[in-house]
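Undergrad: attaching a predicted model along with its sequence, questions to come.
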Amino acid sequence: MKGYSTREVAELLELPETVIRDVARGVLDPERSPNQHYRFSFQDIVILRTAKELLASGVRRNKINRSLFELQRKLPSNRPLTALRISGDGGAVVIRDDDQVYNPESGQFHFNFAVSELAGTVAPLAKQAAEKAKASNQLNSDDWFDLGVDLEAVSPEDAPAAYLRALELEPEHSDAHVNLGRLMQEAGDYDAAEGHYNQALKAEPDNILAAFNMGTLFEDMGRIHDAIDAYKKAASFADAHYNLSRLYELVGQHTEALKHLKTYRTLLDQN
């Protein structure tokens, strides 16, 4: 079963289980185990850690739930936690996202802390879960993949082992191949990255992210024409057409460059 129990979260955050359940009911929507116990995700824990900071600042519980509801909405799973910053501004809770400021709920308190700092406090729990998982045969390939995603946020050096374990259990787990390939690419191991992207596409030929990442890899390797072929396989992804436009312009095919730039703009307008 993926996720973290109420007791594990309470021990990590030093927060009463009653408070965790109260915030969960008012703000979060955690998964439940077969016996209906909460199973908290990594981002759930970050939000609960935020609740603790707000409580320590003297904020009333009802204001916390309203503020955290907005914070949860601003934490999409495909973005790094460091994109947001919670701070006090004239007695109000504000959430800063790049150059924009959100005011989810007013309150009488002053504090300033980064979500990245909160995420760092969750690292021991993610590592502990990894250690327990190594000694357990109860996790399936998706559980190991989810653990790898959690570890990337707080302990990236431990993430590859989780993805590899997922692949041991399910060699055709395309998402694990994609994420492991990306990590290999970032580490400069291009041959290993290409192998994992190929495995992902073999298991799931229409995996758009695998095709797009393969294009970025071939660009890194200087294989421009191979990159063009890869991006074409991610035709429903706007950024693929932007990259195609750029590469076609690079090789002197101006008509193709213009065509893909128009497609890129059309796809953006549709979103």
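TA: Noted; the coordinates are in hand.

Undergrad: got the buried residues for stretch 46-59?
TA: Using 16 or more other Cβ atoms under 10 Å as the test for burial, stretch 46-59 gives 46-54, 57, 59. For every residue, glycine as well, the C-beta is placed using N, CA and C.

Undergrad: check stretch 28-47 too.
TA: For stretch 28-47, using 16+ other Cβ under 10 Å, the buried residues are 28, 30, 38-47.

Undergrad: ok, now stretch 226-242?
TA: For stretch 226-242, by 16+ other Cβ under 10 Å, it's 226-228, 230-231, 233-234, 237-238, 240-242.

Undergrad: do the same with stretch 196-208
TA: 196-197, 199-201, 203-204, 207.

Undergrad: ok, which pair from these is furthest apart?
TA: Farthest-apart pair in these is H196 and E204; separation 12.6 Å (Cβ to Cβ).

Undergrad: quick one: low-confidence parts of this structure?
TA: Along the chain, the parts satisfying pLDDT under 70 run over 1-2, 26, 43, 59-63, 67-138, 153-154, 271.

Undergrad: can we see that at 50?
TA: 1, 78-84, 87-92, 98-102, 104-113, 115 (pLDDT under 50).

Undergrad: what segments of it are helices?
TA: Per DSSP state H, the chain carries helices over the ranges 6-13, 17-26, 42-56, 61-73, 115-134, 141-154, 159-169, 174-186, 190-203, 208-220, 224-232, 238-250, 254-270.

Undergrad: report the angle between the third one and helix 141-154.
TA: Inter-element angle recorded for helix 42-56 and helix 141-154: 50 degrees (by axes from the mean of the first three to the mean of the last three Cα atoms, to 10 degrees).

Undergrad: what does the second one give?
TA: Using the same axes, to 10 degrees, the direction of helix 17-26 lies 100 degrees away from that of helix 141-154.

Undergrad: quick one: buried residues of helix 17-26?
TA: Under 16+ other Cβ under 10 Å, the buried positions of helix 17-26 are 19-20, 23-24.

Undergrad: for P34, find the nearest of the helices of the chain.
TA: Closest to P34 of the helices of the chain is helix 141-154 (Cβ to Cβ; 14.5 Å).

Undergrad: so for that closest one, what gets flagged as buried?
TA: 141, 143-154.

Undergrad: just give me the closest of these to E186.
TA: The closest of those, once distances to E186 are taken by Cβ to Cβ, is E152, at 10.6 Å.

Undergrad: contacts only, for that closest one.
TA: Neighbour list for E152: 159, 179, 183 [criterion: Cβ atoms under 8 Å, 6 or more residues apart in numbering].
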